[in-house]
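1. next come a sequence and a model predicted from it.
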Amino acid sequence: MEGPRGGPHPGEWTKLGPTSLPAPLSAKAAAHVKDIAASLGITLMYKGATPVVVSGPPEMPSFICDAGSIALARAGSGDLFAGAHGAIGVSAVTSALRAQALIGWAAKIAAEKVGEHGVLAKDILAHIGQVAEYVARLEDGEST
């Protein structure tokens, strides 16, 4: 498993660098995030409605995740991401992508039940197992 990981939200970026970064990231801001990840030697997940996974090694690409939604803009959703990210146990970039997909998908299911603006971290947590089981079935080649 490769090195450290981080998942700051836009407000936390001010502690990593001299400027805050917009959400969603512009190409210029994404390059700045890549520089920060490289200088720290870590993989970063720029959290927001359109999350970006940024690897520390300059030769690795960055990835834009389409699994984000406003349902993730809740206290505790970052903690769910961090827990999933750390528990997946593969390379930092791969686990960040998988964790974002898992948490983002669980948030979308929760939003279907309680509405986008009514989702709490506990609602997302309640659907993580359902999403993980579905993904495992897909990976095993079972039909949905």
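-> Thanks, I have the structure now.

2. spatially central, which residue of this protein would that be?
-> For the chain, residue 100 is the residue whose C-alpha lies nearest the centre (C-alpha atoms, centre = their mean; 3.6 Å).

3. what's the closest non-adjacent residue to that one?
-> Spatially, and ignoring its direct neighbours in sequence, residue 100 is nearest to residue 65 (4.6 Å; C-beta to C-beta, 6 or more residues apart in numbering). Yep, even glycine has a C-beta here, placed from its N, CA and C like the rest.

4. swap in residue 107?
-> residue 71 (4.1 Å).

5. can you name the next helix or strand after the lowest-mean-pLDDT helix or strand in the chain?
-> Among the helical and strand segments of the chain, the one scoring lowest on mean pLDDT, DSSP states H and E is strand 5-6, with a mean of 68. Sequence-wise, the next helix or strand downstream of strand 5-6 (DSSP states H and E) is helix 27-40.

6. just give me how far that next one sits from the chain centre.
-> Its chain's C-alpha centre and that of helix 27-40 lie 16 Å apart, by C-alpha atoms, centre = their mean, to the nearest Å.

7. next: stretch 101-121.
-> Centre-to-centre, stretch 101-121 and its host chain are 14 Å apart (C-alpha atoms, centre = their mean).

8. mind starting the numbering at 35 from now?
-> Sounds good: first residue 35 from here, last item stretch 135-155.
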